[in-house]
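> Could you look at this predicted model? Sequence included:
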Number of protein chains: 2
Amino acid sequence: MIKRSARDIRRRNRFDALRCVYAAPGPVSRQEIATATGLSFATVANLTAELLDAGVLLEAGQENSGAGRPRATLAVNPQRGALVGVDISETFIHVELFDLSMTTRHELRHPLPERDSKPDEVIEHLVGLVSRLLEAARVPAHQVLGIGVSVPGQVEPEGGVSVFSPYWAWHDVPLRAMLAERLNLPLFLDNPLKAATVAEMWFGAGRGVDDLAVITLRTGVGVGIAVDGHLLRGATNSAGEWGHTCLVLDGRPCRCGSGGCVETYVGAPGIMRTLAETDPGSALLHPDDQAATIEAIARAADDGDEVALAVIAKTGRYLGAAVANLINLVNPQVLVLSDWVAAKLGERLLHVTREVAADHALAQAFRAVDLRLCALPHNPVSLGAATFALEGFLNDHEIFGSVASRRPTPA
Amino acid sequence: MIKRSARDIRRRNRFDALRCVYAAPGPVSRQEIATATGLSFATVANLTAELLDAGVLLEAGQENSGAGRPRATLAVNPQRGALVGVDISETFIHVELFDLSMTTRHELRHPLPERDSKPDEVIEHLVGLVSRLLEAARVPAHQVLGIGVSVPGQVEPEGGVSVFSPYWAWHDVPLRAMLAERLNLPLFLDNPLKAATVAEMWFGAGRGVDDLAVITLRTGVGVGIAVDGHLLRGATNSAGEWGHTCLVLDGRPCRCGSGGCVETYVGAPGIMRTLAETDPGSALLHPDDQAATIEAIARAADDGDEVALAVIAKTGRYLGAAVANLINLVNPQVLVLSDWVAAKLGERLLHVTREVAADHALAQAFRAVDLRLCALPHNPVSLGAATFALEGFLNDHEIFGSVASRRPTPA
């Protein structure tokens, strides 16, 4: 059973306080943090003292509170260090460097061939990209607080192992151990579903939301679920494999070995199959390039192309029914359509998805949900991967130890 | 955002300590509670002092701990009061009286006609049943600590409102207000999915399990999900409507207004439809009696009847695929098939469900789950409803106030 210790609560409160600072458009006072988080002023004073000591926050000025003496305001200290977020996808690797205010300093992208990639090849690309990234941004490695890596499929974060990646048929690949020899950085491993969700929890539509679901639409498909600020991981960190839930019994065969899975209809390869079925010789289809095909569908739909519009309508019909399943099962307050397929097909896909979901979902649960597109800039998965590294840094007992909690509360 | 106060943690620890006492085959020592819950001995001493003060626990004797002085052992005090659990189902009302050790003192059952029941009629039956129940058990009303009521469909527990019950087309029925005029008892309202799950968390397969899912198979179908000892409720307490997730796009029409829902295949009426499709004139079919039909299928299967075996195989095929969806999405450690349809079809249904789920689920998540039948005696929904009343009593601030927490820890 999970132990609920005083340390867990303090860490949780530290996250909440810091999320509040990130969320604010400018520097914030301790009073504002207390109001936004529901924590007592004494607790906030204690937490911010700890974060100031660690150099994560800095005093950014003072604000006039109307009556009484001016209040000190706080901001994240971008100079405290850098974080690297890595999105290893089925078709590309994306690396992004952030300062501690989570502003992008530099990013690089490398395509992967649309065939089986081997772990060694991927690691070779990754190490080269990270090295070029730091060089281009002129950030020495010792300033990097941590690196977060997202890989598709089932992941075992503590051991740093890719347990199963269906697209490449990877089994039990010890990525952390393999990378430790090449990158001397604290490394945090998880998958794109979890990464996209953590990005929304810290910096997007999930801030302050108790019941959140974030759908990732890319080559693979899945959902991240967060309840009361905690990611739902399940018994073996494989919760969220909504892409491999059956929507059409005996439907399209899936790379997971089952059939009729959501992913076979709304993942990029699934949408390509729908396009090929709708118009077998379509010029929109780039058989070896998922991104180019989805992009072509989006552009053609803007021009009123009937095939493109039909493909989006069919995709939305599947997606809407599958989204209704999530609404009925999870009853989220906010449900985000995230990642590059959702970004490219945008409002057009959202519109039909919402209409179909309304027909399939229970009325009360549908009324309760705010279904929307991801509004984060850049790649939510790289941002989320870097956020895992940020969380790892904030969990560092040497920096945020139990001593600080015994500090007397400032008057 | 949910506030995490010291009071919440203390209540949570109180539940954990008491669950441990219920779980034990006999009286337990404070040391045993501390070991089982992971709480410190000082915390356990504090919690048990509070529960002894409130009369919930009593000193049951002493055990010889080998070395040192004998340890006092504790047990639940059955005399502290009684709890009533009510299961309003689509086809019956079941009321059960428990003492505080959760031993059944008496129970009554009343069939409901398989047609639209009106709230007034149901309440009339319910009030009569509760009155007869207390009379038969010779328990005066003032000894009843609370009554828990389960009604099918979406429920708003705080207001005590049945928001939507698809089977009867109830909308926004203020059950608590209607019952308050007739029963002068603290009343706790929820639905069978939540009740069956809470029963497993306190008294069954969910004890000490961090990732639990409990499937309710009756007229309606759904799942209760509990993470780290907390029920997943969602934004409007309608999480768990797995019965209304789509398994067969454009499949059987559902009373919820959608189609292809899990419930239309594995709920009692869905199984009756499968039977009618398999053998249109089957003697096993009792068109107006769900329980008699499912019972007849179970008995005929025991005798090797091919139609009955085919119906169970087809039902298991749907159920297995739908269970795999839950395994992939929620990744539970324990998944219980509960309620009367699961109880009647038993091991035979479990076996085929497990085989089909193994084909559909991701291997890692399937290996992680313990899929089993409910082992609770009697009706898990009535027990769970009474458990909501127990939790309500344990949350009573007048009895379990903040003063007790400041009590000095016994040496």
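Right, received. Where do you want to start? Worth saying up front: this structure is predicted, and the values here are computed from it rather than measured. Residues are numbered from 1 along each chain as shown, chains lettered A, B, ... in the order given.

> drop to CA atoms for contacts and neighbour counts, all remaining ones
Noted.

> tell me the contacts of the closest residue to A:Pro186 other than its chain neighbours?
Residue nearest to A:Pro186 in three dimensions, not counting chain neighbours: A:Gly146, with 4.8 Å by C-alpha to C-alpha, 6 or more residues apart in numbering or on different chains. Applying C-alpha atoms under 8 Å, 6 or more residues apart in numbering or on different chains, we find A:Gly146 in contact with A:82-84, A:185-188, A:386, A:389-390, A:392-393.

> can you do 6 Å?
Shown in contact with A:Gly146 (C-alpha atoms under 6 Å, 6 or more residues apart in numbering or on different chains): A:83, A:185-187, A:389.

> what does A:Val144 give?
Taking C-alpha under 6 Å, 6+ apart as the test, what A:Val144 contacts is A:81-83.

> Could you measure from it over to A:Leu133?
Here A:Val144 is placed at a distance of 12 Å from A:Leu133 (C-alpha to C-alpha, to the nearest Å).

> With A:His171 instead?
With C-alpha to C-alpha as the criterion, A:His171 and A:Leu133 are 29 Å apart.

> How about A:Arg317?
From A:Arg317 to A:Leu133 the distance is 41 Å (C-alpha to C-alpha).

> Let me know how buried A:Pro113 is, in neighbour terms.
12 (other C-alpha atoms under 10 Å in any protein chain shown).

> what's it sitting at in phi/psi?
phi -60, psi 150 (degrees, to the nearest 10).

> Please read off the pLDDT at it from the model.
pLDDT, A:Pro113: 84.

> returning to what we had before: using CSV, lay out the contacts of A:Gly146 together with neighbour count and distance to A:Ser238.
Shown next, in CSV, are the contacts of A:Gly146 (neighbours: other C-alpha atoms under 10 Å in any protein chain shown; distance: C-alpha to C-alpha, whole Å):
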residue, neighbour count, distance to A:Ser238
A:Leu83, 28, 25
A:Leu185, 17, 25
A:Pro186, 15, 23
A:Leu187, 24, 20
A:Ala389, 26, 20
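
> So which residues on chain A come close to chain B?
By the rule C-alpha under 6 Å from any C-alpha of the partner chain, the part of chain A lying against chain B is A:1, A:208, A:211, A:234-235, A:238-242, A:245, A:247-249, A:258, A:325, A:328-333, A:360.

> if you look at these, which of them are in strands?
A:Asp211 (DSSP state E).

> Weed out the non-buried ones from the residues of chain A next to chain B.
By neighbour count, with 16 or more other C-alpha atoms under 10 Å in any protein chain shown, those hold A:208, A:211, A:234-235, A:238-242, A:245, A:247-249, A:258, A:325, A:328-333, A:360 as buried.

> domains of chain A?
A:6-76, A:80-195+A:381-394, A:206-375 (automatic domain parsing).

> Please report how far the residue sitting nearest the centre point of chain A lies from A:Gly206.
Against the mean C-alpha coordinate of chain A, by C-alpha atoms, centre = their mean, the closest residue is A:Ala196 at 1.4 Å. Noted for A:Ala196: a distance of 11 Å to A:Gly206, by C-alpha to C-alpha.
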